[in-house]
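> Make a model of this:
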Amino acid sequence: MKPIRLTNHAQEQAIERGTNESEIIDTIMTGNRQLAKNGRYKYQATFQYNNEWQDKFYSLKKVVPIVAETDTELVVITVYTFYF
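Next up, the predicted model:
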């Protein structure tokens with residue numbers, strides 16, 4: 001697999017949205033990959049969470065990084081998280 005690099009924006013969004021580099025990499029390596037806009041890819045994986053996020057309890061967390069693939073690396077452009 002190609003090396004994975006997070007942009008500064010993706011790193012900031014990960015913190016803001018409650019995920020981390022480890023979960024993002026795990027999602028890319030094991031999650032479901034779909035074609036996204038502009039030739040990018042959207043990866044998705046759902047994790048057991050069983051914790052509070054913004055004062056509300058959630059059982060699961062879905063991590064969705066958006067990735068641009070180059071000849072030499074996978075570049076994480078941004079990341080979304082969904083709690084349920």
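> Relative to residue 57, how far out is the most centrally placed residue in the chain?
For the chain, the residue lying nearest the average C-alpha position, counting by C-alpha atoms, centre = their mean, turns out to be residue 65 (3.0 Å). Note on residue 65: its distance to residue 57, by C-beta to C-beta, to the nearest Å, is 24 Å. To be clear about C-beta, it is placed using only N, CA and C from the backbone, and glycine gets the same treatment.
> what sits up against the host helix or strand of the residue nearest to the centre of the chain?
Counting by DSSP states H and E, the element that carries residue 65 is strand 56-69. Taking contacts as C-beta atoms under 8 Å, 6 or more residues apart in numbering, the residues outside strand 56-69 that touch it are 2, 10, 18-19, 23-24, 26-28, 31, 36, 39-53, 74-84.
> Only the buried residues of that strand, if you could.
Judged by neighbour count (16 or more other C-beta atoms under 10 Å), strand 56-69 contains these buried residues: 61-68.
> what about the helices in the protein?
8-17, 21-30 (DSSP state H).
> Give me whichever of the ones you listed is most buried.
Greatest average neighbour count among those goes to helix 21-30 (a mean of 16), per mean count of other C-beta atoms under 10 Å.
> quick one on the thing from earlier: got a quick ChimeraX command for the buried subset of the contacts of strand 56-69?
This is how ChimeraX selects the buried members of the contacts of strand 56-69, with burial counted by 16+ other C-beta under 10 Å:
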select :10,18,19,23,24,27,28,31,41,42,43,45,49,74,75,76,77,78,79,81,83
